[in-house]
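>>> this one's sequence-less:
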């Protein structure tokens, strides 16, 4: 593919992931199983990694524990439902989401304050507060967009989380750059 | 130059929030109850319109010095209105984040029973 066409395809890919439109067709890649075959005797019939450590669970019973890390096998074989995911990852995402909500409200309030005190003596203080609130928002977003360690939905999630993190980091500097303008004036 | 950079960075920040909301939909697909996914979907559309209008409004306001004094009152209100819409948008973002966090914590509590203790 020509380089310019590849850039257009990549751009469309990103826009598609934001708007929910269908992405362009991707080259075929090996499908990754998330729900293994379980035999009639209750053992894992094919190669399937433990969600926690990646150990191959083949031939182990669904009520057994992973010999490597001790995770109950059924936590890995029940598919990609969230309640069978790593609880530490879930808690981290939940904390991040909570941080985002709280600091988002704080940033909105500080934004109004910043507009009210624009070009006054209090402006640097409001800018600092806004910068800190947006920083806290990004810290929350960083936790909230941590990819699932089990690798479920990895391709799509990794692309979206990189996009969200980089765009939010760019947005962090909007208030300080705007302050340069008032300094100049 | 500084004005365009500010508008561009602000637009990037808003796009980052949109991308984060889109990202939240991925884990909610893995919850059997689809209501949270549906709520995020409709919120994403509302947020897309609200932040586009707000970015446009900030961009317009940055084109001129003292924009409220320059324009007739109705036009000034049209420019400021999208910024006011951001208040309910922020509040619904907060409530959506609280719901999502509570749901994820519930899932984590169930998952902790299956997961090995560190």
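Noted; the coordinates are in hand. Not measured: the values here are computed from a predicted model.

>>> could you use CA atoms for every contact and neighbour count after this?
Fine.

>>> who touches residue A:155 in this structure?
Applying C-alpha atoms under 8 Å, 6 or more residues apart in numbering or on different chains to residue A:155 gives no contacts.

>>> just the pLDDT at residue 48, thanks.
I went with chain A, as the question did not name one. With respect to pLDDT, residue A:48 scores 82.

>>> wrong one, chain B
Reading off the model, residue B:48 has pLDDT 91.

>>> which ones are touching it?
For residue B:48, counting by C-alpha under 8 Å, 6+ apart, the contacting residues are residue B:18.

>>> again, but for residue A:117
Contacts of residue A:117 were listed using C-alpha under 8 Å, 6+ apart, and they are A:123, A:126.

>>> distance-wise, check it relative to chain B.
According to C-alpha to the nearest C-alpha, to the nearest Å, residue A:117 and chain B sit 14 Å apart.

>>> list the buried residues of stretch A:63-76.
A:65, A:66, A:69, A:70, A:71, A:72, A:73, A:74, A:75, A:76 (16 or more other C-alpha atoms under 10 Å in any protein chain shown).

>>> swap that for stretch A:134-152, please
Here stretch A:134-152 shows A:134-148, A:150, A:152 as buried, counting by 16+ other C-alpha under 10 Å.

>>> could you do stretch B:31-40 as well?
Buried-residue list, stretch B:31-40, by 16+ other C-alpha under 10 Å: B:31, B:36, B:37, B:40.

>>> am I right that residue A:112 is in a strand?
No: read with DSSP: H, G, I helix; E, B strand; the rest coil, residue A:112 is helix and lies in no strand.

>>> now do it, the pLDDT please.
So residue A:112 comes in at 85 (pLDDT).

>>> can you narrow the buried residues of stretch B:31-40 to ones near chain A?
When contact is defined as C-alpha under 8 Å from any C-alpha of the partner chain, the buried residues of stretch B:31-40 meet chain A at residue B:31.

>>> can you tell me which of the buried residues of stretch B:31-40 end up in helices?
Counted as lying in helices by DSSP state H, out of the buried residues of stretch B:31-40, are B:36, B:37, B:40.

>>> which of the residues you listed lies closest to residue B:99?
residue B:36 (8.3 Å; C-alpha to C-alpha).
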